Structure formats: structure tokens, C-alpha cells
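*Asks:* what shape does this take:
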Amino acid sequence: MGVGKTTVGELLAQKLNRTFIDVDQEIEKDFGMSIPDIFTKHGEPFFRELEQAKTCELAQEPLRVLSLGGGAFLNESIQKTCLAHGIVIHLDIDWAEWTERMELLIDDRPLLQSKDLSDVQELFYKRQSAYAVNHARLLINKRTPEEVADALIDSLKQIWASSELRK
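*Replies:* Prediction:
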């Protein structure tokens, strides 16, 4: 959450000449309301069902760059589908670096609202174990979106060169 997945994903897709899809934006379009409004009116479990269906559908379409919501990868079905049908790259950030961004995120992130810093820190570290299941990890601290996109291209080249994903 808040690492710049959408900004970096758009740049990466442009550099790779691929279609970029932000799953949360697709859910908002399909459902006709914002993610915070879905959380407020229907609750998190309802949103997570929408998220699973949309993510698993999109992840099976080849040659696209997807940006998943911060909590999506906690869902085992989403995890398995993404790992089986694509290349999963974890954009990682240190807690100290992330807290510098937190004020910019609170209004748009329902899971951050009305939580104190220790609750947010617990959520941050809880998600780290789910994010650890990936094809590659990139620490983004102090990097510009352009630098991150270029580093991702280098990572993708290494991944494609590996025999594991060619099988």
C-alpha cells in the first residue's frame, strides 16, 4: 500500500509497450463507486470477493502489467493465480520510508482510517509475509518512479533468462 504501484506500473507498461491495469480502478469502474465507498457501504469482505474475482480474471490474460491492491496478495487464490500466470514482483519499502508517505495515504485507504501508528505498523508487517511469495523483490526506498521502472525491466530480463519460468 502506497509504494507507487500504479505510477510505476504505468511507466513499466509504457516502456514494455503493454497494457496497464490497476485492479482497484477496474473494480471501481465495474461497481460504479470508489473503494472507500465500497468498504463503507458493503464492508471489507464484500470488497475482497470483488477483488478476488477481478484479479483472478485479469491475471490470466497474458502480456499485461497489473497493479494489485495492497491487501490482495493476502488472498491465497489471488496469490496462486498470479504466480501461475504471471511474474509477481514485490515492490518493497522500509517501514521508516513508508511512514513518510502515510499522511498522503490515509484519506484514500479505508484500512488506515481510525488506526493508530502501532496498528498500522502491525498491518504493514503482517502483509510482508504474504508479499514474500514472489518471483522477485525490489526495494524502492528513495528511488524515483522512473528508476523503479527501469530496475523492474532489468529484473524482468533476469527472470526471463532463468530456466524456471521457461518450462
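
*Asks:* so where's the protein shaky on pLDDT?
*Replies:* Within the chain, the ranges that satisfy pLDDT under 70 run 1, 101-116, 163-167.

*Asks:* what about residue 76, how many neighbours?
*Replies:* For residue 76, the tally of surrounding residues (other C-beta atoms under 10 Å) stands at 11. C-beta here means a position set from N, CA and C on the backbone, and glycine is covered the same way.

*Asks:* quick check: it vs residue 60, distance?
*Replies:* 16 Å (C-beta to C-beta, to the nearest Å).

*Asks:* cool, residue 156 as well?
*Replies:* 19 Å.

*Asks:* and if you look at residue 93?
*Replies:* 28 Å.

*Asks:* comparing the two, which shows the higher neighbour count?
*Replies:* More neighbours surround residue 93 than the other of residue 93 and residue 60, with 21 against 13 (other C-beta under 10 Å).

*Asks:* wait, that one sits on residue 3?
*Replies:* Yes - the criterion here is C-beta atoms under 8 Å, and residue 93 meets it with residue 3 at 5.0 Å.

*Asks:* joint contacts of the two?
*Replies:* Counting by C-beta atoms under 8 Å, 6 or more residues apart in numbering, the shared contacts of residue 93 and residue 3 are residue 140.

*Asks:* need the contact list for residue 58.
*Replies:* 21, 23, 26, 64, 66.

*Asks:* phi first, then psi, for it.
*Replies:* phi -70, psi -30 (degrees, to the nearest 10).

*Asks:* quick check: the gap between it and residue 23.
*Replies:* To residue 23, residue 58 is 6 Å away according to C-beta to C-beta.

*Asks:* overlap in contacts of these two?
*Replies:* With C-beta under 8 Å, 6+ apart as the test, residue 58 and residue 23 both reach residue 66.

*Asks:* could you report the neighbour count for the nearest residue to residue 146 once chain neighbours are set aside?
*Replies:* In this structure, residue 146 finds its nearest non-sequential neighbour in residue 11, 6.4 Å apart by C-beta to C-beta, 6 or more residues apart in numbering. Counted with other C-beta under 10 Å, residues neighbouring residue 11 total 22.

*Asks:* mind checking the SS state of residue 11?
*Replies:* Three-state assignment for residue 11 (DSSP: H, G, I helix; E, B strand; the rest coil): helix.
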